[in-house]
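**Student:** sharing a sequence plus its predicted fold:
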Amino acid sequence: MALLLALAIAGITLISTYYFAFAPPEWWLPPFISEYGAAYDRHFKLTMIITGIIFLLSQLGLAFAVFRYRDQGGKAHYSHGNNKLEVLWSVAAGILFVGLVLWGQHIWVSARVQAAPAGALQVEAWGQQFVWYFRYPGPDGVFGRTVPELMKESIGEPLGRDPNDPASRDDIVMPVMAVPVNRPVEVILRSKDVIHSFAVRELRIKQDAVPGLETRLHFTASQTGRWEIPCMELCGLGHYQMRSFLEVKSDADFEQWLIDSAAP
Ligand SMILES: [Cu+2]
């Protein structure tokens, strides 16, 4: 029985490790299209390798212990454990986790703490149960006031743009997010109700939208195309259907899109 259990543990460990090590590329993240992609993917791989080696050694160690210390008719004796060993592996695990975070924090800092490059296009991304809205400041480059009392989806005014604010009049609100290729974009995340999470896998970006906060991050998309923006925070019953799309366009196509979107 102990031999069977040990074999099962070792077998599951080796088979799952094999699939992680030799998985076809399409099982992993899709190719990246932002400046964070290369560093992000390197760090992701490093984390997988380190944790993979630890997983392999500890599971094989478990299989060995199950077999080596199986019931052979002897009398079991009480062991109090080993404090020194426990401290050692707790500290080692702590150093590893904190170390990996410190190692990778420059990616996080460059997208969030560092200011967006001058001239970046600003787009507000609003989360709402269960839809995304994107607001563009229009030709004046200024976001107008929004008033919660004026938020009314039935009349096509989900963000409550204030008609008394001149800066509001040219603001454009769209259900998809279009951006020009190779131009820095600053996303300002806001939420109308609960916590949502803005994520584009191809940008290697994921950030919560928290009610009451304006969270900023920036990116430059290097490729034209259309990619999914799912909500990555379980935000309620309709969470599964909360998604939009990022459309990266050429400069000319983007300008035309802005004109077309402003028309109505
Ligand atoms: Cu959501």
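**Tutor:** Arrived safely.

**Student:** enumerate the residues of the stretch 51-200 of the chain near the ion.
**Tutor:** Applying the criterion Cβ under 5 Å from the ion, the portion of the stretch 51-200 of the chain that neighbours the ion consists of H196. C-beta here means a position set from N, CA and C on the backbone, and glycine is covered the same way.

**Student:** now do 6 Å
**Tutor:** 127, 196 (Cβ under 6 Å from the ion).

**Student:** helices along the stretch 51-200 of the chain, start to end?
**Tutor:** 83-112 (DSSP state H, counting those that start in this stretch).

**Student:** how about low-confidence regions in it?
**Tutor:** Under the criterion pLDDT under 70, no range of the stretch 51-200 of the chain is flagged.

**Student:** where exactly do the strands run in this structure?
**Tutor:** Chain-ordered strands for the chain, with DSSP state E as the definition, fall at 121-128, 131-136, 172-174, 177-180, 184-191, 196-200, 205-209, 215-220, 225-230, 243-249.

**Student:** can you tell me which of those strands is most buried?
**Tutor:** Between the strands of the chain, the one whose residues have the most neighbours on average, counting mean count of other Cβ atoms under 10 Å, is strand 196-200 (a mean of 24).

**Student:** any idea of the angle that strand forms with strand 225-230?
**Tutor:** Using axes from the mean of the first three to the mean of the last three Cα atoms, to 10 degrees, the interaxial angle of strand 196-200 with respect to strand 225-230 works out to 160 degrees.

**Student:** show me what contacts R243?
**Tutor:** In this structure, R243 makes contact with 132, 228-231, judged by Cβ atoms under 8 Å, 6 or more residues apart in numbering.

**Student:** next one: F254
**Tutor:** Applying Cβ under 8 Å, 6+ apart as the definition, the contact partners of F254 turn out to be 178-180.

**Student:** could you dump these into TSV and include distance to E149?
**Tutor:** Below are the contacts of F254 laid out as TSV (distance: Cβ to Cβ, whole Å):
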residue	distance to E149
A178	29
V179	31
P180	34
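
**Student:** could you tell me how many residues sit around E202?
**Tutor:** Under the neighbour criterion other Cβ atoms under 10 Å, E202 is assigned a count of 20.

**Student:** pretty sure it is touching Y36, no?
**Tutor:** No. Counting by Cβ atoms under 8 Å, no contact exists between E202 and Y36, whose distance comes to 10.7 Å.

**Student:** residues of stretch 99-108 that come out buried?
**Tutor:** In terms of neighbour count (16 or more other Cβ atoms under 10 Å), stretch 99-108 has its buried residues at 104, 107.

**Student:** distance from the chain centre to it, please.
**Tutor:** Chain-centre distance of stretch 99-108: 15 Å, with Cα atoms, centre = their mean, to the nearest Å.

**Student:** just the closest residue of the stretch 1-150 of the chain to the ion, please.
**Tutor:** Shortest the stretch 1-150 of the chain-to-the ion distance, computed as Cβ to the ion: residue-wise this is G127, at 5.4 Å.
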